[in-house]
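> Sequence and predicted structure, then a few things I'm wondering about:
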There are 2 protein chains.
Amino acid sequence: MEREVILLVSELIICFIFKECWEMSLEKIFLEPIGFVQTKAVGYEIRDKNIVSKIVIREKYTEALNGIEEFSHLFVLFWLHEMSINDGRVMKVHPRGRNDMPLVGVFATRSPHRPNPIGLTRVRLLEIEGNVLTVQGLDAYHDTPVLDLKPFDSWDTTENFKVADWWIKLEKERLNKKYR
Amino acid sequence: MEREVILLVSELIICFIFKECWEMSLEKIFLEPIGFVQTKAVGYEIRDKNIVSKIVIREKYTEALNGIEEFSHLFVLFWLHEMSINDGRVMKVHPRGRNDMPLVGVFATRSPHRPNPIGLTRVRLLEIEGNVLTVQGLDAYHDTPVLDLKPFDSWDTTENFKVADWWIKLEKERLNKKYR
C-alpha cells in the first residue's frame, strides 16, 4: 500500500478518535531516509575530520545523484537516530558535555540534543559509483539515516564571521592536540 | 493529550489494520517546527541576499536561544512547506527551471524539489530580542516553518572547492546583473 494512503488513513483515524485534526495537520512533518551511512568509525572516532565513510543512497534515488560529481564538497543532512524524545527536550547544554564550558542554549551549539535532531556536516566528495558515495569528514555513526544531500557553493561560505569564545577555546584545544 | 501518545496509538492502529508495523517504525521520522519566518518579500524577492526577515521561535524554545548572539552567522534549516508530495518525486531538474541549463539530479542542486524538502541557508544574525531573531539573507517565504538553527563556524567553510560549470554560469549572470 502507498505510504501516503497509510498516512492519510491514520490521520483520519486520529482525527476521529482524538479530535486532534487541526493541530496534527498544522504540526506534522514526515521525512523518509534517502539512504544510510556506512562507517567503521565508532565513538569519538567519528569526530575525526579525516574519516572516510560511505553513503548508500536508496536505488530509487540513484538518478537524483546525476551531476553531483561536479561538486567537490557537499552538505549532508542526517537524522540523529540515536537521540530519544527526552534528548530533544533539553534546552541548554555545556558544549561537548564539559562543565568548564558555559551552559548555553542548544541552538547556540551543534549538540545532537535539539528539538529536531538533524545533523548537518560539510563533507568532501571523494568518489561516486552508482548509488554509493564515498565522503570524507562525515561525523555520523554507522546506519545513520541520511535525509538530504546538497552541493556546497560560495553562498555557503563567508570569511568574516564571529563565533563564541567557548568555541574558540575548544578549537584551540583541538588544534594543539592535533599538532603536538 | 501528549503528542507522543497520539503517535504511538496511531502507529498501533495502523499496525493492526495494515500489518505495516515494521516498515513504519523503520521509515517514519516526525518533525515539529521550532518557529516560523516573517517576511514581506514575495516571489523572486526572497533570492535577494540583502533581504531582512524575522524568525519567531516558539516561546517554549526561547531558552534554547541563549548564547546564540555570540555568533555572527547561522544556518537556518526550514521546511519548504509549499512543495507537494509530487514535487518530491522529481528526480532531475534544470537549475532555476532554465532549459539552457543541463538536466541534473536534484541532489546536485539546491532546488526545492527533493524527497525531503528541507531548505538550508546561511544567514547573518542581525539582532535577537526574546524569541525573535532578525536575520539577513534568508530565502524563505512568509510563514515557512523553521526546523533548526545552528551556529556557523570554521568547520563549515572551505576555500578550495569546486562547483559545476552550470553553477558558475548562473553566478556570473547574477553578479553581472548586480553590478551593471
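In hand now; what should we look at?
> Domain-wise, how is chain A divided?
Following automatic domain parsing, chain A resolves into domains at A:1-31, A:33-81+A:117-153.
> Out of those, which one sits most buried?
Using mean count of other C-beta atoms under 10 Å in any protein chain shown, the stretch among those with the largest mean neighbour count is domain A:33-81+A:117-153, at a mean of 19. In this view, the C-beta of every residue, glycine as well, is placed from N, C-alpha and C.
> Turn the domains of chain A into JSON lines, columns for mean pLDDT and distance to B:L133.
Formatted as JSON lines, the domains of chain A follow (pLDDT from 0 to 100; distance: least, C-beta to C-beta, whole Å):
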{"stretch": "domain A:1-31", "mean pLDDT": "58", "distance to B:L133": "21"}
{"stretch": "domain A:33-81+A:117-153", "mean pLDDT": "96", "distance to B:L133": "18"}
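> how about those in a markdown table, adding distance to B:K169?
Listed next are the domains of chain A as a markdown table, based on distance: least, C-beta to C-beta, whole Å:
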| stretch | distance to B:K169 |
| --- | --- |
| domain A:1-31 | 32 |
| domain A:33-81+A:117-153 | 12 |
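> close to chain B, is the top strand by length along chain A?
Longest among the strand segments of chain A by residue count, using DSSP state E, is strand A:118-129. Yes: for strand A:118-129, a contact with chain B is found by C-beta under 8 Å from any C-beta of the partner chain, at A:I118, A:L120, A:R122.
> so who does the second one touch?
A:L120 sits next to A:F75, A:V76, A:L77, A:R110, B:F75, B:L77, B:L120, B:D148, B:K150 when contact means C-beta atoms under 8 Å, 6 or more residues apart in numbering or on different chains.
> Repeat the analysis, applying 7 Å as the threshold.
A:F75, A:L77, B:F75, B:K150 (C-beta atoms under 7 Å, 6 or more residues apart in numbering or on different chains).
> With A:F78 as the reference, measure out to it.
Separation of A:L120 from A:F78 (C-beta to C-beta, to the nearest Å) stands at 8 Å.
> State the distance from the residue nearest the centre of chain A to A:E32.
Centroid check for chain A by C-alpha atoms, centre = their mean gives A:G119 as the closest residue, at 2.0 Å. Separation of A:G119 from A:E32 (C-beta to C-beta): 17 Å.
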